[in-house]
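Trainee: generate a structure from the sequence data that follows.
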Amino acid sequence: MGWTARNLTDAFHFPTGVFAPAAYDFPDDRTRHVIYLGGSGVSDNTGILHELYCGTDDVWHEKDLMDESGAPHSSSPPKAYLFVLEGTQHVLYLGTTADGHLRELYQDDGWHANDLTADSGAQAAQKAAQGFEYSAGRAQVVVFQGIDRHVHVLTRKSKDDGDPTWVHKDLTWDHGGPLCARAPGGYAFSAGGTMHVDYLGDDGRIYEYTGTSNLTWGEPVDIGAGLDGPDGFADDAYRGYGFTADGTRHVDVVDTSGDVWEFSFDGTWSVENLTAPRGAEHVLAGTSVSAYAFEATDAVPVATQHVVYAGGDHRIHELWKDPTGWHENPLTNADDPGAESTPSAFADHATSTQHVFYTSQANQIVELRWTDRPSLSEVVRPRHRLD
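Mentor: Have a look, this model is predicted:
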């Protein structure tokens, strides 16, 4: 019981990768997926996006997504998400032509390519976009920073709900707010039926737009107003998460000292430094965090919150919260491949497991998995749940 590590690149002889991977699970198919940019160094990437996928047998397979879809090569780390309503998978990236066009790969009986910028008539993008499913609005949502440094949103309704075309909105133009200093992030909050986009303004403050199920948005809110929070921010693409167990929302950031902070909303905003009070390792420079909720299941009846990151020691660290408070847990040790990227993580509630993926210093893709069931074939990490 606990955390185990598996080097997927070595175990299955997959191509090496660079930058952060993007991982997600597909509950209906009982499959796990990892998307990454191939290469052997920051200045030596192949432009090819690879998909690793496995079923319940834990045997991983690899696909060259550019070869299957005919898509142009990538210049950016991918972002990926699942649209459960239509049973499709989606990967977002920027091409190599420096035209700022947002490229999409989508899996619907095979992988296909799409130019979201051309389809929507949107502003060209400054950085790769982030996407998520908004089930209350029965829509896909893509958020990005335009070359005009505005916050832009693309939405697409389900094909069962009318016209399934991409619609562009400029949130900065329509609803105000400071210019966008870095790439925004977004998430859906199922307990509240809302969606949220967070970004760093030119004034050094974190702002959040809130959207509703009719796909309309309100004015941005300074989530740190009146709070004793970080003095500055080192990361971007602030992807928050909802915690259904208590109906709260959370946005995690990294400050300029490498500390992790969490903004929480339970009717009012609060902020807490998660690393300094616990003596936890600082975040590896140039990387960010991955945060998620592990809601209660029959096998694991206590809901928990999790923030994982690569430390300055190149190990993966976890901050996790149960009813007793926050705790710190190292997920890798000196025998595991050293981490070089922001991890990508999720909880698989169907199997009551947690999964963390990262790119190593040797350009390998590594999976960490937590289960409440014993494993005799793998090295077990410390257990961390209430009995």
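Trainee: okay, and the beta partners of the nearest residue to residue 68 once chain neighbours are set aside?
Mentor: Spatial nearest neighbour of residue 68, excluding adjacent residues (CB to CB, 6 or more residues apart in numbering): residue 111 at 4.5 Å. C-beta: built from backbone N, CA, C; applies to glycine. Note on residue 111: beta-bridge partners by DSSP bridges are residue 107.
Trainee: likewise for residue 195?
Mentor: residue 188, residue 211.
Trainee: next: the one 5 residues further on.
Mentor: Going by DSSP bridges, residue 200 is paired in beta bridges with residue 206.
Trainee: my guess is it contacts residue 181, does it?
Mentor: Yes - contact between residue 200 and residue 181 holds when scored by CB atoms under 8 Å: they sit 4.6 Å apart.
Trainee: so between the two, which is more surrounded?
Mentor: residue 200 (23 against 17; other CB atoms under 10 Å).
Trainee: run through the residues that contact that one.
Mentor: 180-182, 206-207, 233, 236, 238 (CB atoms under 8 Å, 6 or more residues apart in numbering).
Trainee: element containing the closest residue to residue 51 other than its chain neighbours, please.
Mentor: Excluding the flanking residues, the one nearest residue 51 by CB to CB, 6+ apart is residue 63, at 4.5 Å. Secondary structure from DSSP states H and E places residue 63 in strand 60-64.
Trainee: what residues of stretch 181-192 count as buried?
Mentor: 181-189, 192 (16 or more other CB atoms under 10 Å).
Trainee: give me the contacts around that stretch.
Mentor: Against stretch 181-192 from outside (CB under 8 Å, 6+ apart): 126-128, 130-136, 141, 143-145, 149, 151, 153, 194-202, 204, 233, 235-242, 244, 247, 249.
Trainee: what of stretch 153-160?
Mentor: 85-86, 102, 116, 120, 122, 129, 134, 137-144, 163-169, 171, 186, 197, 211, 215, 217.
Trainee: repeat for stretch 102-110
Mentor: By CB under 8 Å, 6+ apart, stretch 102-110 touches 49, 65, 68-69, 71-72, 74, 86-95, 111-117, 122, 125, 128-129, 142, 144, 154.
Trainee: in helices only, show me the residues you listed.
Mentor: Counting by DSSP state H, those place 65, 68-69, 116-117 in helices.
Trainee: where does residue 251 sit: helix, strand or coil?
Mentor: strand (DSSP: H, G, I helix; E, B strand; the rest coil).
Trainee: next, count neighbours for the residue lying closest to it once chain neighbours are set aside.
Mentor: Excluding the flanking residues, the one nearest residue 251 by CB to CB, 6+ apart is residue 240, at 4.0 Å. Residue 240: 24 surrounding residues under other CB under 10 Å.
Trainee: report pLDDT for residue 240.
Mentor: Looking at residue 240, its pLDDT reads 95.
Trainee: please pick the buried ones from the contacts of stretch 153-160.
Mentor: For the contacts of stretch 153-160, buried by 16+ other CB under 10 Å: 85-86, 102, 116, 120, 122, 129, 134, 137-144, 166, 168-169, 171, 186, 197, 211, 215, 217.
Trainee: quick revisit: need the contact list for the residue nearest to residue 51.
Mentor: 50-51, 53, 111.
Trainee: can you give me the helices in the stretch 251-387 of the chain?
Mentor: With DSSP state H, counting those that start in this stretch as the criterion, the stretch 251-387 of the chain has no helices.
Trainee: hmm, back to that, how much space separates the residue nearest to residue 68 from residue 341?
Mentor: 23 Å (CB to CB, to the nearest Å).
Trainee: ok, these two, which is more surrounded?
Mentor: With neighbours defined as other CB under 10 Å, residue 111 and residue 341 compare such that residue 341 has more, 25 against 21.
Trainee: for that one, report the pLDDT, please.
Mentor: 97.
Trainee: which members of the contacts of stretch 181-192 are classed as buried?
Mentor: Neighbour counting by 16+ other CB under 10 Å classes 126-128, 130-136, 141, 143-145, 149, 151, 153, 194-201, 233, 235-242, 249 among those as buried.
Trainee: among those, name the ones in strands.
Mentor: If you go by DSSP state E, those have 130-134, 141, 143-145, 151, 153, 194-200, 241-242, 249 in strands.
Trainee: who's residue 141 bridged to?
Mentor: On the basis of DSSP bridges, residue 141 takes part in beta bridges with residue 132, residue 155.
Trainee: that should have said residue 371, apologies.
Mentor: residue 2.
Trainee: is it true that it touches residue 352?
Mentor: Yes - under the criterion of CB under 8 Å, residue 371 makes contact with residue 352 at 7.3 Å.
Trainee: give me the nearest residue to residue 85, chain neighbours excluded.
Mentor: Per CB to CB, 6+ apart, closest to residue 85 is residue 158, 5.0 Å.
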